[in-house]
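Asker: okay, sequence plus prediction incoming.
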Amino acid sequence: MAHADPKAAAHPLLQEVKPAVLPRAVLVENDRSFSWITEKICGIIEGKTPTWWWVCFILACFVASFTVAGITYLVATGVGVWGHANPVNWAWDIVNFVFWIGIGHAGTLISAILCLLRQKWRTSINRAAEAMTIFAVVCAAIFPVFHVGRVWFAWYLFPIPNSNAIWQNFRSPLEWDVFAVSTYGTVSVLFWYVGLIPDLAVLRDRFFAAGNKVRATLYGLFAMGWRGSNRHWSNYEMAYLILAGISTPLVLSVHTIVSFDFAVSLLPGWHTTIFPPYFVAGAIFSGFGMVLTLMLPLRAVYGLQDLITQYHIDCMCKITLATGTIVGYAYGMEFFIAWYGANPYEGFAFVNRAFGHYAWAYWIMISCNVITPQFFWFKAVRENTALVWILSIFVNVGMWFERFVIIVTSLARDFLPSSWGYYSPSIVEIFTFFGTFGVFSVLFLLFIRFLPVMPMAELKAVTPQADVHGGHDKH
Amino acid sequence: MSAQPYGLIATFKTAPALYHAAEAVRDAGYRHWDCITPFPVHGLDKAMGLRRSIVPRISLVGGITGFCTGMSLIWWTGAVDYKLIVGGKPLFSPMFAFPVSYELTILFTAFATIIGMFVLNGLPMHYHPVLKYDQIRRGMDDTFFIVIEARDPRFNAANTRALLAQAGGEAITELEP
């Protein structure tokens, strides 16, 4: 009544033409009830541990042991066991750091930016995507922390008074990065936890009713005594919205600051103003690649097709396509500016990228990042889940190579030809990086076993029966 | 001690039924009452007559504190406590102090928001009369409740029960304190 369409009043033509009402995509298919959602999500946790879970978990622990082995050897020996040497003093460690932190960004994008944009399709994937963010930040943090060499002094990164009475150099983008990444990790955990509280309360009550006092106590402890009070929901919703609001500039700033690590230097190939937006687009691109890689098997294994629908997959593919195309544009623009800027060093750095010693890496990057996403223009591709999954793997590979190309090619050919070198990773680096996939998988498997993989309360809120006005927005 | 109950709880099967009942309870002038819902029901704040949450004010205080902390930390450590020229750059400039201050703004806002939300909600509170109700588990699943507390000045066991029944409430039960 009060919300009469202002356009209709303003424009008599609109009253005559009566625009067609297009049906909105259904977010929960087959008209599922509230309790079906609860049973479905809680059933995953309450059911018997599936055999495949144990197989995957043991395999993931085995892979993770490579990181443990690599790091143990590094700490016992020294950072020289990595393949770094002048002039390539940053290599796989920073490549892997940027790779993992970029993967995390899709989680925050889904949970924060899409929340602000009121994209309700985010509800079914946001919990798992946020978990992915946190675990990716954990994997990312391993590399710079151990690259400092004497890891027991890693606390020097933070402004804690020390016996030398000296402080951190806040003029350095590396110090900015310490704050960006640690804030990002902390806020991601807080955001994730706040989202979990109502669902933990559901589990608390279910385990209590089932007579499992131990698990009821554990879930109850973290549920903080949540009782679904609307006076609480009111503050909760506001807090959630604010967290989404601050996570949005946060996620954009984190990869911007990561790109400052390069852009603030004077090295050809790094010293460019395009880096912040280019890095952010790349991060979202790689993150959505990883979300698809994780969610498609999860959907198949747990039969979540009614909650992660074809519409969700379509949306994710389209975002991958859009950001992948932005990344492709950035690659082209870098070359254009290198030519247009008429700086011979800059020009050399880019010609060297495409045709030098690391051309193989460059062309892997181009094929994976520029060509792969273009397949998502086609509906038939987006509807072929197996194909989408394979393409998402190519995106992950391509984005790792992007960071490798940016970091290593610029350093291997610096200003002095006498110091030029060729970098190859040592076995210790390979072990450490390979193992992080295990670390990530272990954490993710524990998450899907013990925590609700989808936000039940939010899913219920987007079903048609949650609408107090019976679906007609006449209020 | 006394047999005074905590209040009355009524069950509603659907979100629209709860919504209209909440409007009735609000219009009857009750103040100490609440709705128990498995998810945030859109528009229920208005139906209950709740005012806008004050969490944003707490967040703002957190954000300002974070920004000032960042700026003053960098200024004090670099330009006061231990002056050290690095790369010919100034001892302090808001330019290079900005990224860190920006991140601390967000960090402090996040903590203020969450702590503010918990304090305003009176959580953690692991014991509450509502949680003792044997059907409350459904309130986390697919059922809706309205609780009217006995401490409300308008509370009267018979009249309040009649109001809830008239509003469509089922299984109206007294809650133990």
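Answerer: Alright, I've got the coordinates. Note that the structure is predicted; figures quoted are calculated from it, not measured.

Asker: for the residue nearest in space to the middle of chain B, give its distance to B:His128.
Answerer: In chain B, the centroid-proximal residue (C-alpha atoms, centre = their mean) is B:Asn121; its distance is 4.3 Å. Applying C-beta to C-beta, to the nearest Å, the value for B:Asn121 to B:His128 is 11 Å. Every residue, glycine included, has its C-beta placed from N, CA and C.

Asker: export the helix or strand of chain B with the lowest mean pLDDT to PDB, keeping only CA atoms.
Answerer: The least trusted helix or strand in chain B, going by mean pLDDT, DSSP states H and E, turns out to be helix B:136-139, with a mean of 72. Taking C-alpha atoms only, helix B:136-139 is exported to PDB below (Å, rounded to 0.1, in the frame of the first residue of the first chain):
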ATOM      1  CA  ILE B 136      12.000 -25.500  22.300                       C
ATOM      2  CA  ARG B 137      14.100 -27.600  20.000                       C
ATOM      3  CA  ARG B 138      11.400 -27.200  17.300                       C
ATOM      4  CA  GLY B 139      12.000 -23.400  17.600                       C
END
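
Asker: isn't A:Cys317 up against A:Val388?
Answerer: Yes: with contact defined as C-beta atoms under 8 Å, A:Cys317 counts as touching A:Val388 (6.3 Å).

Asker: hey, what's in contact with both of these two?
Answerer: Common contacts of A:Cys317 and A:Val388, defined by C-beta atoms under 8 Å, 6 or more residues apart in numbering or on different chains, comprise A:Leu292, A:Phe376, A:Val381, A:Arg382.

Asker: wouldn't the second one be in contact with A:Thr320 here?
Answerer: Think A:Phe376. Yes: judged on C-beta under 8 Å, A:Phe376 makes contact with A:Thr320 at a distance of 6.0 Å.

Asker: more crowded one of the two?
Answerer: Legend: neighbour count by other C-beta atoms under 10 Å in any protein chain shown for A:Phe376 and A:Thr320, higher for A:Thr320 (28 against 22).

Asker: that older thread, from the shared contacts of A:Cys317 and A:Val388, which single one is nearest B:Val86?
Answerer: Using C-beta to C-beta, A:Leu292 comes nearest to B:Val86 of the shared contacts of A:Cys317 and A:Val388, at 43.9 Å.

Asker: can you tell me the SS state at that closest one?
Answerer: Following DSSP: H, G, I helix; E, B strand; the rest coil, the label given to A:Leu292 is helix.

Asker: verify the stated contact: it with A:Trp389.
Answerer: Yes: contact between A:Leu292 and A:Trp389 holds when scored by C-beta under 8 Å: they sit 6.7 Å apart.

Asker: more neighbours: these two, which one.
Answerer: Using other C-beta under 10 Å as the criterion, A:Leu292 and A:Trp389 rank with A:Leu292 on top: 24 against 16.

Asker: and the more buried one, how close does it get to A:Ile406?
Answerer: Note on A:Leu292: its distance to A:Ile406, by C-beta to C-beta, is 24 Å.

Asker: the residue nearest to A:Leu387 when sequence neighbours are not counted: neighbour count?
Answerer: Spatial nearest neighbour of A:Leu387, excluding adjacent residues (C-beta to C-beta, 6 or more residues apart in numbering or on different chains): A:Val381 at 5.7 Å. Counted with other C-beta under 10 Å, the neighbours of A:Val381 add up to 14.

Asker: which one is B:Gly169 nearest to, not counting chain neighbours?
Answerer: With sequence-adjacent residues excluded and distances taken as C-beta to C-beta, 6+ apart, B:Gly169 is closest to B:Ala10, at 2.8 Å.

Asker: so the one you found, which of the three states?
Answerer: strand.

Asker: tell me if I'm right that it and B:Glu174 touch.
Answerer: No: here B:Ala10 lies out of contact with B:Glu174, judged by C-beta under 8 Å, at a distance of 11.1 Å.

Asker: which of these two has more neighbours?
Answerer: More crowded of B:Ala10 and B:Glu174, by other C-beta under 10 Å: B:Ala10, with 24 against 16.

Asker: how about that one, what does it touch?
Answerer: Residues in contact with B:Ala10 (C-beta under 8 Å, 6+ apart) are B:Ala21, B:Phe145, B:Ile146, B:Leu164, B:Ala165, B:Ala167, B:Gly169, B:Glu170, B:Ala171, B:Ile172, B:Thr173.

Asker: can you tell me which of those residues is nearest chain A?
Answerer: Sorting the contacts of B:Ala10 by distance to chain A puts B:Phe145 at the head of the list, at 8.3 Å, by C-beta to the nearest C-beta.

Asker: neighbours of the nearest residue to that closest one once chain neighbours are set aside, how many?
Answerer: Counting by C-beta to C-beta, 6+ apart, B:Phe145 lies nearest to B:Ile36, which is 4.0 Å off, once chain neighbours are set aside. Residues contacting B:Ile36 under the criterion other C-beta under 10 Å number 26.

Asker: how about B:Asp27?
Answerer: Neighbour count for B:Asp27, taken as other C-beta under 10 Å: 10.

Asker: return the residues in contact with it.
Answerer: For B:Asp27, the contact set (C-beta under 8 Å, 6+ apart) is empty.

Asker: could you do the one 4 residues further on as well?
Answerer: Remark: with contacts taken as C-beta under 8 Å, 6+ apart, B:Arg31 is in contact with B:Asp152, B:Pro153, B:Arg154.

Asker: can you pull out the strands in the chain?
Answerer: Unless you meant another one, I'm taking chain A. For chain A, no strands turn up when DSSP state E is the criterion.

Asker: switch to chain B, please.
Answerer: Applying DSSP E to chain B gives strands spanning B:7-12, B:33-36, B:144-149, B:170-175.

Asker: any chance of those in JSON lines, plus mean pLDDT and distance to A:Gly211?
Answerer: Output for the strands of chain B, formatted as JSON lines (pLDDT from 0 to 100; distance: least, C-beta to C-beta, whole Å):
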{"stretch": "strand B:7-12", "mean pLDDT": "82", "distance to A:Gly211": "24"}
{"stretch": "strand B:33-36", "mean pLDDT": "85", "distance to A:Gly211": "23"}
{"stretch": "strand B:144-149", "mean pLDDT": "84", "distance to A:Gly211": "24"}
{"stretch": "strand B:170-175", "mean pLDDT": "77", "distance to A:Gly211": "23"}
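
Asker: could you dump those strands into CSV and include distance to A:Val17?
Answerer: Formatted as CSV, the strands of chain B follow (distance: least, C-beta to C-beta, whole Å):
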stretch, distance to A:Val17
strand B:7-12, 41
strand B:33-36, 42
strand B:144-149, 41
strand B:170-175, 47
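
Asker: tell me which of these lies nearest to A:Ile58.
Answerer: strand B:33-36 (42.6 Å).

Asker: show me what the closest one is packed against.
Answerer: When contacts are defined as 3 or more C-beta pairs under 8 Å, 6 or more residues apart in numbering or on different chains; DSSP states H and E, strand B:33-36 packs onto helix A:230-263, helix B:15-27, strand B:144-149.

Asker: out of these, which gets nearest to A:Phe447?
Answerer: Closest to A:Phe447 of the helices and strands packed on strand B:33-36 is helix A:230-263 (C-beta to C-beta; 19.3 Å).

Asker: that closest one to strand B:144-149, inter-axis angle?
Answerer: In terms of direction (axes from the mean of the first three to the mean of the last three C-alpha atoms, to 10 degrees), helix A:230-263 departs from strand B:144-149 by 120 degrees.

Asker: does any part of helix A:230-263 sit near chain B?
Answerer: Yes: against chain B, helix A:230-263 shows contacts by C-beta under 8 Å from any C-beta of the partner chain at A:230-239, A:242-243, A:246-247, A:249-250, A:253, A:257, A:260.

Asker: right, and B:Met48 touches B:His20 too?
Answerer: No: distance between B:Met48 and B:His20: 11.9 Å, which falls outside the contact criterion (C-beta under 8 Å).
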